[in-house]
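Colleague: requesting a structural model of the entry that follows:
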Amino acid sequence: MSKYFIGLMTGTSADSIDGCVVDFTDRFKLIHSKSNSLEKNYKPKYEEAIKKGFKKKNDDKMVLKLEESLNKSSVELIKDLLEEIDTSSISGIGFPGQTMFHDTERSYQIGCAQFIADEVGIEVIHDFRNYDMQKGGLGAPLVPEFHKYLFAESNKRKVIFNIGGISNGTYLDGEDIKVASDVGPGNCLIDLVAMHYFGMPYDEDGKIAASGQIDYQLLHSLLDKIRTKSYPRADDKSYYYNLDELKSDKPENLLATLCELTALCISDFCHSFDLPGEILLHGGGTKNNFLMERLEKSIGSSLRLTDHLIPSKFVESAAFAYLAYLKRGLLVEPRQ
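Modeller: Numbering: from 1, shown residues only. Below is the predicted model of the structure:
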């Protein structure tokens, strides 16, 4: 059987859909990767649904439309990837869907694996989070297993951070995962404020944040709420969306403060253990130059992206290709 798998990822930032084809025949080889924009209204509608507490597609027509949009975008991206490779060589597709709600008992995603399998004629592995919880895990983060597979080295301590909508970290001690956890907001609050005050899906390069001043009173108010949470944990984005403090008459200051918040949440995780010899980063937050500056200052150590092994943008989609390869989810086959 071929060891070629496709992995998809939209993530909690909900700004694009990433996909890649990975060959696991000889360890790891990225064959092809592509990223497509989601439909224009997808992200604001998704964030509105989260704020309103919708979980399932039958909760509201808005969620049903979101799922239809995600299904369409997922199929389009898979077909784009298949232009570069023979469909018969693909053993499976890892499809995580889009998380609407997550806690320690149940995780809800939109996206129909059966629809995708039928449209492209390839089996789809999905529902990774509930599968993980049934096996005793927290259902999030799920990328650490791939972090271990790709980055672990004997006698080396490393931390790998994914700065997506939520930030999560994996502490590797040699070839063992010492701890893996969500650590706090990544881009989600920054993007929320950028859209609300500036009509922009994100603060490009962190330019607006860089023009502002950090509000330390607000920062410590937010940190006091987040630092009550211990590791390991799985964060739900709705918790952060419903914080009362996300208002300001100087929104550039609010963006600067939220970048500092993300940086300190990541730094807290690093300093909770022996400072590792290497800190690697991936995810959309690495494109925010102001955030990266604050992060390097907070950690007090040099940082680098995962690009020496895999472009940072495609680590998560490759991770779901890997989880599909391991069959760490539910499998649906295309109907004839």
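Colleague: measure Ala14 to Met195 for me?
Modeller: Using Cβ to Cβ, to the nearest Å, one gets 11 Å for the distance from Ala14 to Met195. C-betas here are computed from N, CA, C, even on glycine.
Colleague: identify the contacts common to those two.
Modeller: Common contacts of Ala14 and Met195 (Cβ atoms under 8 Å, 6 or more residues apart in numbering): Lys43, Glu47.
Colleague: more neighbours: these two, which one.
Modeller: Ala14 (26 against 16; other Cβ atoms under 10 Å).
Colleague: for the more buried one, what are its contacts?
Modeller: Leu38, Tyr42, Lys43, Tyr46, Glu47, Gln98, Gly165.
Colleague: my read is Ser167 is in a strand, agree?
Modeller: Yes. Assessed by DSSP: H, G, I helix; E, B strand; the rest coil, Ser167 belongs to a strand.
Colleague: spatially nearest residue to it (excluding sequence neighbours)?
Modeller: Gly186 (3.9 Å; Cβ to Cβ, 6 or more residues apart in numbering).
Colleague: follow-up on the earlier one: tell me which of the contacts of Ala14 fall in helices.
Modeller: Mapping the contacts of Ala14 onto helices (DSSP state H) picks out Tyr42, Lys43, Tyr46, Glu47.
Colleague: now, among those, which is nearest to Leu280?
Modeller: Lys43 (27.0 Å; Cβ to Cβ).
Colleague: how many residues are close by that closest one?
Modeller: Count around Lys43 with other Cβ under 10 Å applied: 20.
Colleague: now swap in Lys61 and tell me
Modeller: 9.
Colleague: same check on the one 10 residues further on?
Modeller: By the criterion of other Cβ under 10 Å, Asn71 has 20 neighbours.
Colleague: got it, and Lys29?
Modeller: 12.
Colleague: one more: Phe269?
Modeller: The number of residues near Phe269, taken as other Cβ under 10 Å, comes to 23.
Colleague: can you verify my assumption that it contacts Asp182?
Modeller: No. Counting by Cβ atoms under 8 Å, Phe269 stays clear of Asp182, with 9.4 Å between them.
Colleague: residues in contact with the residue nearest to Ser221 when sequence neighbours are not counted?
Modeller: Nearest non-adjacent residue to Ser221, counting by Cβ to Cβ, 6+ apart: Glu245, 5.7 Å away. For Glu245, the contacting residues are Leu218, Ser221, Leu222, by Cβ under 8 Å, 6+ apart.
Colleague: name the SS class of the first one, please.
Modeller: Using three-state DSSP as the criterion, the local structure at Leu218 reads helix.
Colleague: pretty sure it contacts Thr257?
Modeller: Yes. Counting by Cβ under 8 Å, Leu218 does reach Thr257; the two are 5.3 Å apart.
Colleague: more neighbours: which of the two?
Modeller: More crowded of Leu218 and Thr257, by other Cβ under 10 Å: Thr257, with 27 against 19.
Colleague: got the CA positions of the helix or strand that one falls within in PDB?
Modeller: Here Thr257, judged by DSSP states H and E, is contained in helix 251-271. Provided in PDB are the C-alpha atoms of helix 251-271 (Å, rounded to 0.1, in the frame of the first residue of the first chain):
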ATOM      1  CA  PRO A 251      -7.000  50.000  19.400                       C
ATOM      2  CA  GLU A 252      -3.400  50.100  18.400                       C
ATOM      3  CA  ASN A 253      -2.500  49.900  22.100                       C
ATOM      4  CA  LEU A 254      -4.900  46.900  22.500                       C
ATOM      5  CA  LEU A 255      -3.100  45.100  19.600                       C
ATOM      6  CA  ALA A 256       0.300  45.800  21.200                       C
ATOM      7  CA  THR A 257      -1.000  44.500  24.500                       C
ATOM      8  CA  LEU A 258      -2.400  41.300  23.000                       C
ATOM      9  CA  CYS A 259       0.900  40.600  21.200                       C
ATOM     10  CA  GLU A 260       2.600  40.900  24.500                       C
ATOM     11  CA  LEU A 261       0.000  38.600  26.100                       C
ATOM     12  CA  THR A 262       0.600  35.900  23.500                       C
ATOM     13  CA  ALA A 263       4.400  36.300  23.900                       C
ATOM     14  CA  LEU A 264       4.200  35.900  27.700                       C
ATOM     15  CA  CYS A 265       1.900  32.900  27.500                       C
ATOM     16  CA  ILE A 266       4.400  31.200  25.300                       C
ATOM     17  CA  SER A 267       7.300  32.300  27.500                       C
ATOM     18  CA  ASP A 268       5.600  31.100  30.600                       C
ATOM     19  CA  PHE A 269       5.500  27.600  29.200                       C
ATOM     20  CA  CYS A 270       9.200  27.700  28.200                       C
ATOM     21  CA  HIS A 271      10.200  28.900  31.700                       C
END
